[in-house]
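Chemist: Turn this into a model:
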Amino acid sequence: MASKKTYSISELSKEFDVTTRSIRFYEDQELLRPSRRGQTRIFSSKDRVRLKLILRGKRMGFSLAETKELFDLWDETPIGNEKQLLKMLTILNNKRAQLEQQKNDIAQAEMEMDTAEARCREALAELQKKKKQQAPANDDEKQAAEN
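Modeler: The predicted model follows:
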């Protein structure tokens, strides 16, 4: 009988480009459940998949609590369930709404920056124009003072 593939913490760390400290943190949060051989952590294929899902969830803005909730729902049955899928859809909808709000906030900030930049450029042009107009008068004053 073929044994299941197992992974060390350093193998997972290298594969997913995360620190071993992060992996231990995910274990502390009960997102990963490696077995132990003495002090050595032995990660299963299931732990590897979960780490991949944790990191994907992080990129999508999922909190670790949300990820844990999804894992817990999955663990209730061997194939997942409707409750888990509905929860996932709710989280995705919320994340999408947050991203839309962020996009709107960024667009608003860009408009405000454009307006501020235009005002600064106008003010600068006006100052430079006044400076040029005053320069010849200053030259005349210098010439008169020299005579």
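
Chemist: any idea how far the most centrally placed residue in the chain is from Thr67?
Modeler: Geometric centre of the chain, nearest residue: Arg59, 6.2 Å, by CA atoms, centre = their mean. Per CB to CB, to the nearest Å, Arg59 is found 12 Å from Thr67. All C-beta atoms are positioned from the backbone trio N, CA, C, and that covers glycine.

Chemist: Would you map the strands across this structure?
Modeler: Listed in chain order, the strands of the chain (DSSP state E) span 35-37, 40-42.

Chemist: how about those, which one is nearest Glu110?
Modeler: Comparison of those against Glu110 by CB to CB identifies strand 40-42 as nearest, at 46.8 Å.

Chemist: ok, back up a step: comparing the strands of the chain, which comes out most buried?
Modeler: The highest mean neighbour count among the strands of the chain, using mean count of other CB atoms under 10 Å, belongs to strand 40-42: a mean of 15.

Chemist: list the helices and strands that one packs on?
Modeler: strand 35-37 (3 or more CB pairs under 8 Å, 6 or more residues apart in numbering; DSSP states H and E).

Chemist: Can you give me the domain boundaries for the chain?
Modeler: Segmentation of the chain into domains, based on automatic domain parsing, reads 1-61, 76-147.
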